[in-house]
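Colleague: Sequence plus predicted model, see below.
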Amino acid sequence: MEELRGKYLTFLLKGEEYAINITQIIEIIGMQPITEIPKTPASVKGVINLRGKIIPIMDLRLKFAMEEKEYDERTCTIVVEIERDGEQRQVGLIVDTVNEVTNIENIDAPPTYDEQGYEKFILGIGKLKERVIMILDIKDVINTSDVEINQKALGNMAVEAEEKPAE
């Protein structure tokens, strides 16, 4: 898995260490007020206004079917950029805490299972001294349906706002 070697941002979810390739990261921000969007999956928490740009927000704990955790001062949002339909889109991923940027050179293929669990999101398993780090395929984590649901919900909210009479 030589092609996966490189710099990664590592973070924690439920005490386990995960990583995203640093080239996909736009920035790391603290928690901000999130505007909920109706009729979206539980993992899609809503949107934030980040310097005038609307960014959909997804809670990775919920995406990976982990129990929800109350956000605290260590909770962060990692803003990543993915390509969908020829467009670059930014999405915020809520994580328990950001750890560090590190170089991961020793990477094994992920184990395979018959069941379709969240292991399908794992590109590889990084080994760094005694640490085991799950390297995420961020394009699969943020699948097309999540992005489309957010876009559709935002469009519906705009239509509903236009149709609502002024009070």
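Modeller: Now that the structure is in, tell me what you want to look at.
Colleague: which stretches of this structure form helices?
Modeller: Ranges of helices within the chain are 60-63, 138-141, 144-163, based on DSSP state H.
Colleague: which stretch in these is the model least sure about?
Modeller: Lowest mean pLDDT within the helices of the chain: helix 144-163, at a mean of 49.
Colleague: which intervals of the protein have sub-threshold pLDDT?
Modeller: Filtered on pLDDT under 70, the chain yields the residue ranges 1, 113-119, 144-167.
Colleague: Nearest the geometric middle of it, what residue?
Modeller: residue 93 (3.3 Å; C-alpha atoms, centre = their mean).
Colleague: Settle this for me: that residue is touching residue 58, isn't it.
Modeller: Yes: contact criterion C-beta atoms under 8 Å: residue 93 and residue 58 qualify, at 5.7 Å. (C-beta placed from N, C-alpha, C; glycine too.)
Colleague: Touching both of these two, which residues are there?
Modeller: Common neighbours of residue 93 and residue 58, using C-beta atoms under 8 Å, 6 or more residues apart in numbering, are residue 142.
Colleague: can you tell me how far residue 26 sits from residue 67?
Modeller: Computed as C-beta to C-beta, to the nearest Å, the residue 26 to residue 67 distance reads 28 Å.
Colleague: okay, those two: which has more neighbours?
Modeller: More crowded of residue 26 and residue 67, by other C-beta atoms under 10 Å: residue 26, with 15 against 7.
Colleague: which residue packs closest to that one, ignoring adjacent ones?
Modeller: Nearest residue to residue 26, sequence neighbours excluded (C-beta to C-beta, 6 or more residues apart in numbering): residue 79, at 4.3 Å.
Colleague: Nearest spatial neighbour of residue 97, chain-adjacent residues omitted?
Modeller: Closest residue to residue 97 apart from its sequence neighbours, by C-beta to C-beta, 6+ apart: residue 74 at 4.2 Å.
Colleague: how many neighbours does that neighbour have?
Modeller: Residue 74: 12 surrounding residues under other C-beta under 10 Å.
Colleague: surely it meets residue 99?
Modeller: No: between residue 74 and residue 99 there is no contact under C-beta under 8 Å: 10.6 Å.
Colleague: which residue ranges form the strands in the chain?
Modeller: Assigned by DSSP state E, the strands in the chain fall at 6-13, 16-21, 25-30, 44-50, 53-59, 76-84, 87-95, 97-104, 106-108, 122-128, 131-136.
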